[in-house]
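Engineer: give the three-dimensional model of this entry:
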Amino acid sequence: QVQLVESGGGLVQAGGSLRLSCAASGRTFSSYAMGWFRQAPGKEREFVAAISWSGGRTRYADSVKGRFAISRDNAKNTVYLQMNSLKPEDTAVYYCAAGGVLTTTFYDYWGQGTQVTVSS
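Structural biologist: As a prediction, this is how the structure comes out:
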């Protein structure tokens, strides 16, 4: 069992940056691939980024490539999402997730989410 708690969301102007964190409980964090997803009002949840258990492989949605960076610190049981050059269309609730494999879809465990609002 893994429990995930996101933090770092907030209000930022377009062009600004935020770093989201996701702290995981449990001793097996380093065995999980981790993902970030987001859901904007009235829209379905969508994949943002993912990272393998070792951190050696990453994957990004086309909409965030070159602007967002996912990383992890297994010693701290934490995964990060650095978000730069933010746009109003990045406004959403951001969720982190843990699963057995790096994927853009299915994950076993989910956090409660953190709100990111980008003003124009």
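
Engineer: across the sheet, point out what pairs with residue 33.
Structural biologist: residue 99 (DSSP bridges).

Engineer: number of residues surrounding it?
Structural biologist: Residue 33 has 22 neighbouring residues, counting by other Cβ atoms under 10 Å. No exception for glycine: its C-beta is placed from N, CA and C like everyone else's.

Engineer: was I right about it contacting residue 101?
Structural biologist: Yes. Between residue 33 and residue 101 there is a contact under Cβ atoms under 8 Å: 5.6 Å.

Engineer: which residue ranges of this protein form strands?
Structural biologist: Taking DSSP state E to define them, one finds strands in the chain at 4-7, 10-13, 18-24, 33-39, 46-51, 58-60, 68-73, 78-83, 92-99, 109-110, 114-119.

Engineer: tabulate the ones you listed in CSV, adding columns for mean pLDDT.
Structural biologist: What follows is the strands of the chain, written out as CSV (pLDDT from 0 to 100):
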stretch, mean pLDDT
strand 4-7, 97
strand 10-13, 98
strand 18-24, 98
strand 33-39, 97
strand 46-51, 98
strand 58-60, 97
strand 68-73, 98
strand 78-83, 98
strand 92-99, 97
strand 109-110, 95
strand 114-119, 98
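
Engineer: thanks a lot, see you next time.
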